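J.: Here is the input, now give the coordinates:
(chains A and B)
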Amino acid sequence: MTSTDKLIQMAIAVALFFAVTGAILLLTTRLRSRSGERVQAAAFIAPSLLLIAIGLLYPALRTIYQSFFGSSYEPLVGADGANFVGLDNYRRIFTSEDLLQVLQNTAIWVVLTPILATGFGLIYAVLVDRTRFEKFAKALIFLPMAISLVGASIIWKFVYDYKASEQGQLGVLNGLLKAVGLDTYRFLLTEPWNTFFLIVIIVWVQAGFAMTILSAAIKAIPDDIVEAAKLDGVNGLKLFRYITVPSIRPSLIVVLTTISITTLKVFDIVRTATGGQFGTSVLAYEFYVQSFRSFDFGLGAALATLIFILVLPIVVYNIRQMRRLEAR
Amino acid sequence: MRNIRTRKGIATIAVVAMSGLGLAACADDSGDGGTNEAGGTAPGAGQEECAQLEQFGDLTGREVSVYTSIIAPEDAVHKESYKVFEECTGATVAYEGSSEFEAQLVVRVQGGNAPDVAYIPQPGLLQTLVRDTGSVVEGPNPVSDNVDEFWGEDWKAYGTVDDTFYAAPLGANVKSFVWYSPKMFEKNGWEIPETWDDMIALSDEIADSGTKPWCAGIESGDATGWPTTDWLEDAVLRDAGPEVYDQWVNHEIPFDDPAIVESLDRVGGILKNPDYVNGGIGDVKSIATTSFQEGGMPILDDKCAMHRQASFYAAQWPEGTDVSENGDVFAFYLPTTSDEFGNPVLGGGEFVAAFSDEPEVQAFQTYLSSDIWANEKAKAGTGWVSANKGLDIANLRSPVDQLSAEILQDPDAVFRFDASDQMPGAVGAGSFWTGMTDWITGADTESTLSKIEGTWPS
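T.: Here you go, the predicted structure:
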């Protein structure tokens, strides 16, 4: 397929989109009555609902269905009853030593990443707020956001590179260690600390995101509150503790939950930096390995379903907070 | 391991299936192994190199879609080698390479979006596709005949599933190679070892001189560990012989059979010996975090003397490195441990599986399995060999390719395909890799092997 073909296809798709929207508009604008509005609304929602059903709902149900079967791919119609394993895949996740380690790592990621990234972002936002070099400082910490997680992992892989002390060093960190006369360290190999060194990568990327949102929230705190507090003699840390944090609480929660969701899905860093070796695998990566390396579609689907179950409450909470934020 | 690991990070082209453009004009269903033809006279009729392709008739305007794991820059040479086919038949070849080939192929086949032809680097994956999807089309007669003529039984068996022949071999690589620096060897008066014991004696001599004799790297992203599986396979093939090797691959003996334990300990005698490794890089554990591409580089700085890695490692040396018998680097055959089993050769290769029986697809399969293609491909560029006996070694341009072809065509050679590529994915592309990595970082031989045994799908 040439790029001309692709462009033509794209043009057709765009034209189709306009045609459908136009048709809906044409058909529904005439309805003016109360019930007509409902029809109008339904006509606009229907295409999205249909796409969500095809692109989201069906795959989700299909995955959950597969998670009750053995390793081979199970068609919806004419399923092989002998392949049905019930909850065995889930049992495996919670009993196999390797998969338990995966769960433990995922827990460490999900607990540490949001706290560290949000913490750094918040402190940074407060520190640079209204200083002379604010714009420059913000740009500096925001830059990693522009790098993909794979790119970031490759960069950090070089930073963590290990060579024995007597050899020439490639990695910055080990170069520093050697310069101050210490032994070089295996950042990516030494369990359990390697997981923490991987978390540093995502914190490096996500802190900028946290900083941006929180900085905007801090700027939105009404000046009169801050002034009143200052008149009452509240300063420094206390101002931060009693005024800043409570005022930006909804934004804080949104940032925390958004980063939690990103972390549960983290795949790129583990795959790029260690390939899940040395006890660093996480759920999202293990799901990929089981499905597309080992071709154990049952276990892969069970892992995907587990991620879904874990993400769900955070998503619900997140949406509620966002609504509250919007309502203000 | 999974084919040539030159992950150069070229973006995957969007997946668009060319599902049988131009239906066969008179594609009669001719049953098992038969061929289909399109009628008319082939554009290249009468020319010598087109002799085999004439039977398929005029295929002008038809297209064959090829899906492979071979990506830039190696793909250019492949496309170049299809010219004769296109001239002979009038059909064109749409080539698509992807670094996510193994995962994507299964998804595409199951989604009803299979390519016409796929180059499959693992017999295990071919078996999965044949048994689980039933979409692979039986190899047509001319292809089967070519394989009988140019490859022989060993190779044909790897393209056969449940007594039906499906896929002809394409390229091959030799894994039983030890890379070394001829200049460094000459300067120090070291000789290329003829037996494993000689090799150990040489290693001791080098270690005594203050240089660590071996260097290695097994880091390879999500496939980390595969170079160690090659080490073990080479050792099993030498210690226990091809029969035990086959039993081990097919799980007729347990993965942690005493013979395998012995062989892994033999490998450990080199890879886990702190006096031997890891030249120019660090200690034993540093093997696990050194990328396989970097693993042999210390040889260039005289910091390491030997590096066991496949023929395709030739592509890793920096530009300007003289890769030849008297140059900066070259390879020798990993010596045997006894005379009992001839010259075992561990290797890999790709197989051509078809998902369509249109005449242009069958013509393309026939072309790829012929000696004509093998020689065309050899002339097109370096870094490629085939076990095709019709391949004229003189057509190969690089000394390493020539050495590989000599080893593959040697009548005393006992060729065995990479074991991890034949085992079920859960082991061969899963626990075997991770197990060998854990073994390097400290796990002991018995528990490593028995843990892998435990993951074998029932």
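J.: which stretch of helix or strand covers the closest residue to chain B within the stretch 151-300 of chain A?
T.: Nearest residue of the stretch 151-300 of chain A to chain B (Cβ to the nearest Cβ) works out as residue A:164 at 3.3 Å. Any C-beta I mention is one placed from the backbone N, CA and C, and that applies to glycine too. Residue A:164 is part of no helix or strand when elements are defined by DSSP states H and E.
J.: give me the low-pLDDT residue ranges for the chain?
T.: The chain I'm using is chain A. For chain A, applying pLDDT under 70 flags the ranges A:1-2, A:32-33, A:78-79, A:328.
J.: you looked at the wrong chain, it should be chain B
T.: Applying pLDDT under 70 to chain B flags the ranges B:1-34.
J.: Contact residues of it facing chain A?
T.: B:14, B:16, B:18, B:102-103, B:106-107, B:110, B:128, B:132, B:219-225, B:278, B:280-283, B:285-286, B:288-289, B:424-426, B:429-430, B:434, B:437, B:441, B:457 (Cβ under 8 Å from any Cβ of the partner chain).
J.: Minimum distance to chain A, which residue of chain B gives it?
T.: Closest contact between chain B and chain A, by Cβ to the nearest Cβ, is at residue B:282 (3.3 Å).
J.: my guess is that residue contacts residue A:169, does it?
T.: No: look at residue B:282 against residue A:169 with Cβ atoms under 8 Å: they stay out of range, at 10.7 Å.
J.: which of the residues of chain B next to chain A are buried?
T.: B:102, B:106, B:110, B:128, B:132, B:219-225, B:278, B:280-282, B:285-286, B:288-289, B:424-426, B:429-430, B:434, B:437, B:441 (16 or more other Cβ atoms under 10 Å in any protein chain shown).
J.: In the stretch 251-400 of chain B, mark out all the strands, start to finish.
T.: Assigned by DSSP state E, counting those that start in this stretch, the stretch 251-400 of chain B shows strands spanning B:304-308, B:330-333, B:343-354.
J.: Can you list the strands that the shortest one pairs with?
T.: According to DSSP bridges, strand B:330-333 has the following sheet partners: strand B:177-180 (antiparallel).
J.: Quick one: name whatever helix or strand follows the partner strand.
T.: With DSSP H and E, the next secondary element past strand B:177-180 is helix B:182-188.
J.: and that following helix, which residues are buried?
T.: Going by 16+ other Cβ under 10 Å, helix B:182-188 has these buried residues: B:182, B:184, B:185.
J.: With distance to residue A:317 as added columns, please give those residues in TSV.
T.: Shown next, in TSV, are the buried residues of helix B:182-188 (distance: Cβ to Cβ, whole Å):
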residue	distance to residue A:317
B:182	66
B:184	64
B:185	66
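J.: Tell me, how many residues neighbour the closest residue to residue B:375 other than its chain neighbours?
T.: Residue nearest to residue B:375 in three dimensions, not counting chain neighbours: residue B:395, with 5.1 Å by Cβ to Cβ, 6 or more residues apart in numbering or on different chains. Residue B:395 has 16 neighbours, counted by other Cβ atoms under 10 Å in any protein chain shown.
J.: wait, residue B:395 sits on residue B:377?
T.: No: counting by Cβ under 8 Å, residue B:395 sits too far from residue B:377 to count as a contact (9.0 Å).
J.: buried set for the helix or strand hosting residue B:147?
T.: Assigned by DSSP H and E, residue B:147 falls within helix B:141-150. Under the neighbour-count criterion of 16+ other Cβ under 10 Å, helix B:141-150 has B:141, B:142, B:143, B:144, B:146, B:147, B:150 buried.
J.: Only alpha carbons, please: show stretch A:236-254 as CSV.
T.: What follows is stretch A:236-254, C-alpha atoms only, in CSV (Å, rounded to 0.1, in the frame of the first residue of the first chain):
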residue,chain,number,x,y,z
GLY,A,236,6.4,29.1,55.7
LEU,A,237,5.6,25.4,56.5
LYS,A,238,2.4,26.2,58.3
LEU,A,239,1.1,28.2,55.3
PHE,A,240,1.9,25.2,53.1
ARG,A,241,0.2,22.8,55.6
TYR,A,242,-2.9,24.7,56.5
ILE,A,243,-3.6,26.8,53.4
THR,A,244,-1.9,25.5,50.2
VAL,A,245,-2.5,21.8,50.6
PRO,A,246,-6.2,22.0,51.7
SER,A,247,-6.9,24.5,48.9
ILE,A,248,-5.5,22.2,46.2
ARG,A,249,-6.7,19.0,47.6
PRO,A,250,-9.0,18.0,44.7
SER,A,251,-6.2,18.6,42.2
LEU,A,252,-3.8,16.6,44.4
ILE,A,253,-6.1,13.7,44.4
VAL,A,254,-6.6,13.8,40.6
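J.: Can you mark which positions in it are buried?
T.: For stretch A:236-254, using 16+ other Cβ under 10 Å, the buried residues are A:243, A:244, A:247, A:248, A:250, A:251, A:252, A:253, A:254.
J.: so the last one touches residue A:321, yeah?
T.: Spelled out, that is residue A:254. Yes: between residue A:254 and residue A:321 there is a contact under Cβ under 8 Å: 5.4 Å.
J.: overlap in contacts of those two?
T.: Shared contacts of residue A:254 and residue A:321 (Cβ atoms under 8 Å, 6 or more residues apart in numbering or on different chains): none.
J.: for the host helix or strand of residue A:22, packing partners?
T.: Element membership of residue A:22 [criterion: DSSP H and E] is helix A:3-28. Using 3 or more Cβ pairs under 8 Å, 6 or more residues apart in numbering or on different chains; DSSP states H and E, the elements in contact with helix A:3-28 are helix A:34-52.
J.: And the helix it packs on, how far out from the chain middle?
T.: Relative to the centre of its chain, helix A:34-52 is centred 31 Å away, using Cα atoms, centre = their mean, to the nearest Å.
J.: Give me the angle between that helix and helix A:3-28.
T.: 160 degrees (axes from the mean of the first three to the mean of the last three Cα atoms, to 10 degrees).
J.: what does helix A:34-52 rub up against?
T.: Here helix A:34-52 makes contact (Cβ under 8 Å, 6+ apart) with A:20, A:24, A:27, A:28, A:29, A:30, A:31.
J.: Show me which of these are buried.
T.: Among the contacts of helix A:34-52, those classed as buried by 16+ other Cβ under 10 Å are residue A:28.
J.: export stretch A:88-103 as CSV, just CAs?
T.: Extracted in CSV, the C-alpha atoms of stretch A:88-103 (Å, rounded to 0.1, in the frame of the first residue of the first chain):
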residue,chain,number,x,y,z
ASP,A,88,-7.4,-21.9,37.9
ASN,A,89,-5.6,-19.0,36.1
TYR,A,90,-6.4,-16.7,39.0
ARG,A,91,-5.3,-19.3,41.5
ARG,A,92,-2.0,-19.5,39.6
ILE,A,93,-1.5,-15.8,39.9
PHE,A,94,-1.9,-15.9,43.7
THR,A,95,0.1,-19.1,44.3
SER,A,96,3.0,-19.2,41.8
GLU,A,97,6.1,-17.8,43.4
ASP,A,98,7.1,-15.8,40.3
LEU,A,99,3.7,-14.3,39.9
LEU,A,100,3.5,-13.4,43.6
GLN,A,101,6.7,-11.5,43.1
VAL,A,102,5.1,-9.7,40.2
LEU,A,103,2.2,-8.7,42.4
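J.: Nearest to residue B:193 among the strands of the stretch 251-400 of chain B would be which one?
T.: Comparing these against residue B:193 with Cβ to Cβ, the closest turns out to be strand B:330-333 (7.7 Å).
J.: For residue 199, list the residues it contacts.
T.: Going with chain A. By Cβ under 8 Å, 6+ apart, the contact set of residue A:199 is A:108, A:109, A:112, A:113, A:116.
J.: You answered for a different chain; I wanted chain B.
T.: Residues near residue B:199 by Cβ under 8 Å, 6+ apart: B:178, B:193, B:306, B:335.
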